[in-house]
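J.: I would like to see how this sequence folds:
(chains A and B)
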2 protein chains.
Amino acid sequence: MPLTRKSPAVEKIFVGDLPKYMGKRVVVHGWVVVLRRSKALRFLVIRDRTGTVQTVHRGAADAVDIDVISPESAVRVTGLVREGASARFGRVEIEVEAIEVLAWAQAPLPLDQNAEPDMRLDHRYLDLRSRARGFIFEIQTTLEAAIREFVLARGFVEIHTPKITAGGSESGAAVFEMPYFGQTACLVQSPQFYMQLAMAAGFDRVFEVGPVFRAEASVTNRHATEFTCIDVEMSWIDSHEDLMHLEEGLLRHALSVVREIHGADIERYYGVEIEALDSEIPRIPISFAHELLDRSAAEASSRLTHRAEQMLSKYAQEQYGHSFVFITDYPAADRPFYTMEEDAGPGSGQLTRSRSFDLLWRGIEVTSGCQREHRYDRLRAQAMKAGLESDTLARYLDTYYLDMFRYGCPPHGGFGIGLNRLLMTLLAQQSIRETSFVFRGPGRFVP
Amino acid sequence: MPLTRKSPAVEKIFVGDLPKYMGKRVVVHGWVVVLRRSKALRFLVIRDRTGTVQTVHRGAADAVDIDVISPESAVRVTGLVREGASARFGRVEIEVEAIEVLAWAQAPLPLDQNAEPDMRLDHRYLDLRSRARGFIFEIQTTLEAAIREFVLARGFVEIHTPKITAGGSESGAAVFEMPYFGQTACLVQSPQFYMQLAMAAGFDRVFEVGPVFRAEASVTNRHATEFTCIDVEMSWIDSHEDLMHLEEGLLRHALSVVREIHGADIERYYGVEIEALDSEIPRIPISFAHELLDRSAAEASSRLTHRAEQMLSKYAQEQYGHSFVFITDYPAADRPFYTMEEDAGPGSGQLTRSRSFDLLWRGIEVTSGCQREHRYDRLRAQAMKAGLESDTLARYLDTYYLDMFRYGCPPHGGFGIGLNRLLMTLLAQQSIRETSFVFRGPGRFVP
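T.: Now for the predicted structure:
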């Protein structure tokens, strides 16, 4: 056996890092984009998550029959990093020493750029290979990490609340039910009850990033039956103003981090500029909002329709130059029973206002929040007024929900940010389907 | 109206930060632990998440009838921070200027230190006010943040996979089913399928922290029907060794951060020292494990029982001085069909080994992982061999699962860490109930 020296370990790197390895031997992994041939050479363009590179292959130096390699096959390439011969394929290229197909792609592919939406969702693993589509989840990662950084720095505790529950939301509508060891349980529509449990337990300030479930049959570009919610809950607040202030700071930080890390690529891929959010988000009380809407168009309902949300965003943009706007102080009658009501002035003929808000961004509601009523007697009275005593949830409410407020539950409140909607707006996507890793809607629970 | 000057804004602070505010006026919020009286003074001990402080109250200077205040009421105290008069109540105390009861606690409390486990779970919001119980979730927050820091620094993408799914796990057992718009869906037992989808989509490396669901009726101290799993999946690995190496680094980092931040308090509250994990985790191939078990006790099954896990941990502690141990290379027949098999040597009479591992810590399995088979033909053959072609899952498997491997799915693998079990072991807790914010088991889906 000849005396051989083991070759030095070759570093596995990302394509995006190639310029740092000029003149070195490296290993890259990726998918075959295209193969071009000349008489003596083969040019194989390889793509990974971080970029594409042209590899140059001389002759038939190894076992793989390079001429029959199919697009989207997964390959490992070992070679020398050198300056690119053609400007068209980037500043660097790899002179191939060895190439290995780790997984062949069958041909033809079941998907192309013009595939129907349902086809795309059925083959999401191929759909996401498109850089613009997969990149969304790297941005999501940065956005979430920045939000966590902000709340962790302020002493928030991250909790994981149960998704299987007995009930306890304000209404039985739009809940997924399931058999649970001979009883009927349901999936949470919001972790709010459990965030409040944490407040009653003295956790002071908590957050959760997790799934919520809505059994709504509505098919719009912004609804899903399962989506990711970022919920924040905080004790000892004076009013919902504290919550809006917190959320504003959180978004300011998160957007600035996303802008710094991905701003240029986001403009390139999606044609949108990330805002600095350096001025205060305007606040419009709902009563004034209705005056505006009456002036511009008849809006019958006291709740905002999607069209009304779009008009209010437009107004905030024109009046304050701001794409965000808080709509505040909804009438108590329009909000869930647990919302704290303002003490009505003496003899006031006005509807009772509540300490509540929504946050609109470019016409889409991305957040709903409020100060919760934490005083047992008032909360109980509000539940009664809302007719919950005759509800099937009454027993649960009385035993588990109201109970929490008997033994020194601090004043508190919170809000939930719909992560998929936030991303949708951030990246100017047409549908929440694009910003859900694997979308769930009525009738769609595969793959 | 007299000319008044608005008092300077008073800072709201945590009790734990009081020593930094000596001589200053502050606001603290918390719960009443105990009230003591002398003729002219009232001493109220207040507790928040960060500590307890004695407040000293002279006379009846404000509206609250302090003498009737009940334990666990939530209060706001404004006062001057000064040196404590008695060593027993800490170095600082607050001389009260104003005190306000924000929420009265009814008496008697429904829970005391000796309450039965079920009572404690029913009133979890009071149970968690015990410092030793609530602190677990601050430690969880630190642990998770450290794990995230480790994987984010290595380019991992954080994803949120659907919890409602059609099926696709290796077996129909222990799955929660639910009606879904006229069809039957189920809750995921593991996000693995979707982690693999991310690999097929070219995400390269992903992680998720989220709920998983097991409809198991088993009532032990380590089982729950819903728990939090940290799942990690990585492409272009050479074998399961790469995964064990990754997990070892991840745990080393996470434990060192937890030790640094909470080490002293963890020893104080739970009597356990956090290990440095500075030596390599020993690896025991399952074939050798069985020899050990045969020697020490008869173990019929080729799968490890909980007792066998405890014995192997004991062995690793004695032989290698290590509380962690990887059990590796399970026979393919004992692992799910998607596990990659080692190519059997020619004429080998041995069982086919698989590229799989479990991680035991102090006798408890906290992780299971493997390299997955990524080559379509082999994976299909393994599914057939496992009898899945006649399973009700066959159609789903064929349409959605196997499909992902047809078009250049890279070699990959991953592992899942049960967060609640990891915390249970870390803090030497008797049951996973203590390390679940709100526990879910057979028959328990409230509160």
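
J.: show me the contacts for A:R252.
T.: Going by CB atoms under 8 Å, 6 or more residues apart in numbering or on different chains, A:R252 touches A:277-278. Where C-beta positions appear, they are placed from N, C-alpha and C, glycine not excepted.

J.: try the one 4 residues further on
T.: By CB under 8 Å, 6+ apart, the contact list for A:S256 reads A:276-277.

J.: 7 Å - rerun?
T.: By CB atoms under 7 Å, 6 or more residues apart in numbering or on different chains, the contact set of A:S256 is A:A276.

J.: helix/strand/coil for it?
T.: Going by DSSP: H, G, I helix; E, B strand; the rest coil, the secondary structure assigned to A:S256 is helix.

J.: what about it, distance to chain B?
T.: Look at A:S256 and chain B: by CB to the nearest CB, to the nearest Å, they are 18 Å apart.

J.: and what of A:T142?
T.: For A:T142 relative to chain B (CB to the nearest CB), the value is 9 Å.

J.: can you confirm that residue is in a strand?
T.: No: counting by three-state DSSP, A:T142 falls outside a strand, being helix.

J.: tell me the pLDDT of the residue lying closest to A:R49 once chain neighbours are set aside.
T.: Excluding its sequence neighbours, the residue lying closest to A:R49 (CB to CB, 6 or more residues apart in numbering or on different chains) is B:D204, at 4.8 Å. pLDDT recorded at B:D204 is 97.

J.: residue contacts, B:D204?
T.: Contacts of B:D204 (CB under 7 Å, 6+ apart): A:48-49, B:235.

J.: can we see that at 8 Å?
T.: A:48-49, B:155, B:157, B:234-236.

J.: which residues does the nearest residue to A:V81 once chain neighbours are set aside contact?
T.: Using CB to CB, 6+ apart and skipping residues adjacent in sequence, the residue nearest A:V81 is A:Y21, 4.6 Å away. By CB under 8 Å, 6+ apart, the contact set of A:Y21 is A:11, A:13, A:81.

J.: strands along the stretch 1-150 of chain A, start to end?
T.: For the stretch 1-150 of chain A, the strands defined by DSSP state E, counting those that start in this stretch cover A:11-13, A:25-37, A:41-48, A:51-58, A:74-83, A:92-103.

J.: so what does the third one touch, helix or strand wise?
T.: Think strand A:41-48. Identification of packing neighbours for strand A:41-48 by 3 or more CB pairs under 8 Å, 6 or more residues apart in numbering or on different chains; DSSP states H and E yields strand A:25-37, strand A:51-58, strand A:74-83, strand A:92-103.

J.: the second one versus strand A:41-48: what angle between them?
T.: Here the directions of strand A:51-58 and strand A:41-48 differ by 160 degrees (axes from the mean of the first three to the mean of the last three CA atoms, to 10 degrees).

J.: chain center to strand A:51-58: distance?
T.: For strand A:51-58, the separation from the chain centroid amounts to 35 Å (computed by CA atoms, centre = their mean, to the nearest Å).

J.: sheet partners, orientation included, of it?
T.: With DSSP bridges as the test, strand A:51-58 is paired with strand A:41-48 (antiparallel), strand A:92-103 (parallel).

J.: send the alpha carbons of that strand over as CSV?
T.: In CSV, the C-alpha atoms belonging to strand A:51-58 read as follows (Å, rounded to 0.1, in the frame of the first residue of the first chain):
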residue,chain,number,x,y,z
GLY,A,51,-26.7,32.3,-3.7
THR,A,52,-25.7,30.7,-7.0
VAL,A,53,-22.3,29.9,-8.4
GLN,A,54,-21.0,28.6,-11.7
THR,A,55,-18.8,25.5,-11.5
VAL,A,56,-16.5,24.5,-14.3
HIS,A,57,-15.9,20.9,-15.0
ARG,A,58,-13.2,19.6,-17.4
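
J.: low-confidence ranges in chain A?
T.: Scanning chain A for pLDDT under 70 picks out A:1-8, A:59-64, A:87, A:89, A:167-173, A:295-302, A:344-350, A:390-393.

J.: quick one: the helices in it?
T.: A:117-122, A:124-127, A:131-152, A:192-200, A:240-270, A:286-296, A:306-320, A:376-385, A:394-396, A:419-426 (DSSP state H).

J.: winner for burial among those helices?
T.: helix A:192-200 (a mean of 26; mean count of other CB atoms under 10 Å in any protein chain shown).

J.: is that helix in proximity to chain B?
T.: Yes: with CB under 8 Å from any CB of the partner chain as the measure, helix A:192-200 is seen reaching chain B through A:193-194, A:197-198, A:200.

J.: and that helix, how far out from the chain's middle?
T.: Distance of helix A:192-200 from the chain centroid (CA atoms, centre = their mean) equals 23 Å.

J.: relative to strand B:92-103, how tilted is that helix?
T.: Helix A:192-200 and strand B:92-103 meet at an angle of 140 degrees, taking the same axes, to 10 degrees as the criterion.

J.: tell me what helix A:192-200 is packed against?
T.: Judged by 3+ CB pairs under 8 Å, 6+ apart, the packing partners of helix A:192-200 are strand A:205-213, strand A:226-235, strand A:412-418, helix B:124-127.

J.: any idea how far A:N221 is from A:F439?
T.: 11 Å (CB to CB, to the nearest Å).

J.: list residues touching both of the two?
T.: A:432-433.

J.: give me the more crowded residue out of the two.
T.: With neighbours defined as other CB atoms under 10 Å in any protein chain shown, A:N221 and A:F439 compare such that A:F439 has more, 21 against 12.

J.: tell me the contacts of the residue nearest to A:A103 when sequence neighbours are not counted?
T.: Spatial nearest neighbour of A:A103, chain neighbours left out: A:A74 (4.2 Å); criterion: CB to CB, 6+ apart. If a contact means CB under 8 Å, 6+ apart, then A:A74 has A:29-31, A:101-103, A:105, B:408-411 as its contacts.

J.: circling back to that earlier point, got the helices and strands packed on helix A:192-200 as JSON lines, with distance to B:F135 columns?
T.: Listed next are the helices and strands packed on helix A:192-200 as JSON lines, based on distance: least, CB to CB, whole Å:
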{"stretch": "strand A:205-213", "distance to B:F135": "14"}
{"stretch": "strand A:226-235", "distance to B:F135": "17"}
{"stretch": "strand A:412-418", "distance to B:F135": "20"}
{"stretch": "helix B:124-127", "distance to B:F135": "13"}
